[in-house]
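A.B. asks: Here is my input; please provide its structure:
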Amino acid sequence: MTNSKKIDTDSRQNPFIYLLAFCSGFCIMGIELLGGRILAPFFGSSVHIWGSIITVFMLSLSFGYLAGGKLSTHNPSLKRYGIIFLFAGITILPVAFWSTDIMEVIFLNVEDSRYGSLLACGALFFIPTIILGMISPYSVRLLVTDKDKSGQVAGKLYFVSTLGSALGTIITSFYLVLFFEVNNIIIVFSAVLAVLGVIAIILNKSIKSFNIHTVDTVNE
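C.D. replies: You can find the predicted model right below:
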């Protein structure tokens, strides 16, 4: 791949990757905050409930970082990146439809609200948050093309992602929960993640077609 072709590809792809990293950070913190509202009717909202939520999210994100880093070493592409978003959107959707049934079963069978909330939070959020955690390391792999600038790229990415998390926290807690039902917000987050994933897959195909066309033009 020539330098000019590589630069053109990066100019198309990289801003979109930063946008997706921002949106994933926004959704992660929004979903985590909503977890408190979802668990509250069965387990309350005391400090150990939030301890359960934070524990599950931190643990699942750590596994996600590990899995995303491993996956990024095998033919990384914008298409696979989009598939991660698509799966994240799909796996968070059941929370909006079956969270009450799942929590009711756990509530009736686990007397201690500490362990009940931990188990319920794990059942609802562990898998989708692992998938969301895969996004950051995969983003770094797609963005880094020069190892000498890898630290700078990672720093910029984590700035964008954390900024998204901060905005997701404030907007969800200050506004969204006041005007919309929790399940509807979850559905919107799910839809946003899935749509972004589909766009990434389409963009990957578009970039490949552009690159093939460029090569054909040069050969002519």
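
A.B. asks: Near I49, how many other residues are there?
C.D. replies: For I49, the neighbour count with other C-beta atoms under 10 Å is 23. The C-beta positions use only the backbone N, C-alpha and C, and glycine is treated the same way.

A.B. asks: and it, how far is that from G36?
C.D. replies: Distance, I49 to G36, by C-beta to C-beta, to the nearest Å: 7 Å.

A.B. asks: next one: R12
C.D. replies: Relative to G36, R12 is positioned 39 Å away (C-beta to C-beta).

A.B. asks: ok, those two, which is more surrounded?
C.D. replies: More crowded of R12 and G36, by other C-beta under 10 Å: G36, with 20 against 14.

A.B. asks: residue contacts, the residue nearest the centre of the chain?
C.D. replies: With distances taken as C-alpha atoms, centre = their mean, the residue of the chain nearest its centroid is L132 (3.2 Å). Shown in contact with L132 (C-beta atoms under 8 Å, 6 or more residues apart in numbering): S24, C27, I28, L61, G64, A88.

A.B. asks: Flag every buried residue along the helix or strand where it lies.
C.D. replies: Using DSSP states H and E, L132 sits in helix 113-133. Burial within helix 113-133, assessed by neighbour count using 16 or more other C-beta atoms under 10 Å, is assigned to 113, 116-125, 127-133.

A.B. asks: again, but for stretch 160-171
C.D. replies: Buried, per 16+ other C-beta under 10 Å, within stretch 160-171: V160, S161, G164, S165, G168, T169.

A.B. asks: wait, what's in contact with the second one?
C.D. replies: Yep, that's S161 we're talking about. Per C-beta under 8 Å, 6+ apart, neighbours of S161: A21, F22, S24, G25, S136, S139.

A.B. asks: Would you mind confirming that the last one is in contact with L19?
C.D. replies: Put plainly, it is S139. No: contact criterion C-beta atoms under 8 Å: S139 and L19 do not qualify, at 10.6 Å.

A.B. asks: Any regions of the protein where pLDDT drops low?
C.D. replies: 1-11, 208-220 (pLDDT under 70).

A.B. asks: Grab the nearest non-local neighbour of N204.
C.D. replies: Leaving aside its chain neighbours, N204 sits nearest to L78 (3.7 Å; criterion: C-beta to C-beta, 6 or more residues apart in numbering).

A.B. asks: Which secondary structure element is home to the residue nearest to S45 when sequence neighbours are not counted?
C.D. replies: Distances taken as C-beta to C-beta, 6+ apart put G36 closest to S45, at 6.1 Å, once the chain neighbours are dropped. Using DSSP H and E, G36 sits in helix 3-43.

A.B. asks: Quick one: which of the contacts of L132 is the most crowded by neighbours?
C.D. replies: That'd be A88 among the contacts of L132, by other C-beta under 10 Å, with 30 neighbours.

A.B. asks: How about the contacts made by it?
C.D. replies: S24, C27, P128, I131, L132, I135, L193, G197.

A.B. asks: Assess the claim that the first one and M134 are in contact.
C.D. replies: Which is S24. No: when contacts are counted by C-beta under 8 Å, S24 is not listed as touching M134 (9.6 Å).
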